[in-house]
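> Sequence first, then the predicted structure:
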Amino acid sequence: MVKSLTRHGNSYALLIEKPILELLGFQPDMPLEIVTDGKALIIRPLAQASPHGQFFDALDEVNQRHGEALRRLAE
C-alpha cells in the first residue's frame, strides 16, 4: 500500500483506513506511541510501551548509531 501525506493545518497527516485500524485494534481515543529509527516510523499503543521495551528501543538506537564502532572496540 502506498500512501501520501495530507495537509492538516500547519502539519501533515497520514490517513489510516478503518480496516487497518480494526486489524491492529486501534481505537480513536487510544494513546499511541510513535518512534523512529531515522528511516521508518513505528506506531504502537502506549500501553505496550514498558521500561523493559524502552531499554531495548534505546539499545537498538545505540547499535544503529554506533554499532560499527562498538564492534571494532570489541576486537
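Done, it's in. What you are looking at is a predicted structure, and each value in this text was computed from that prediction instead of being measured.

> partners of the most centrally placed residue in the chain in the sheet?
By C-alpha atoms, centre = their mean, the chain has its centre lying nearest to I42, at 2.0 Å. I42 forms beta bridges with V35, as assigned by DSSP bridges.

> Tell me if I'm right that it and G53 touch.
No: look at I42 against G53 with C-beta atoms under 8 Å: they stay out of range, at 11.0 Å. The way it works is simple: take the backbone N, C-alpha and C, and place the C-beta from them, glycine included.

> which phi and psi does R7 have?
Per-residue torsions, R7: phi -70, psi 130 (degrees, to the nearest 10).

> residues contacting the closest residue to it other than its chain neighbours?
Closest residue to R7 apart from its sequence neighbours, by C-beta to C-beta, 6 or more residues apart in numbering: A13 at 7.8 Å. By C-beta atoms under 8 Å, 6 or more residues apart in numbering, A13 lies in contact with 5-7.

> Could you single out the nearest of those to I34?
Checking the contacts of A13 against I34 with C-beta to C-beta, the nearest one is L5 at 14.2 Å.

> wait, doesn't that closest one sit right on L41?
No: with contacts counted by C-beta under 8 Å, L5 stays clear of L41, the gap being 11.7 Å.

> first to last residue in stretch 5-14, what's the distance?
End-to-end distance for stretch 5-14: 5 Å, by C-alpha to C-alpha, to the nearest Å.

> chain center to stretch 33-40, what's the gap?
Chain-centre distance of stretch 33-40: 4 Å, with C-alpha atoms, centre = their mean, to the nearest Å.

> pLDDT of it, averaged?
Stretch 33-40 carries an average pLDDT of 89.

> Now do that stretch: everything it contacts.
Outside stretch 33-40, the residues that touch it by C-beta under 8 Å, 6+ apart are 41-46, 48-49, 57, 60-61, 64.

> let's see it at 7 Å
With C-beta atoms under 7 Å, 6 or more residues apart in numbering as the test, stretch 33-40 has contacts from 41-44, 46, 49, 57, 61, 64.

> Same question for stretch 60-75.
D37.
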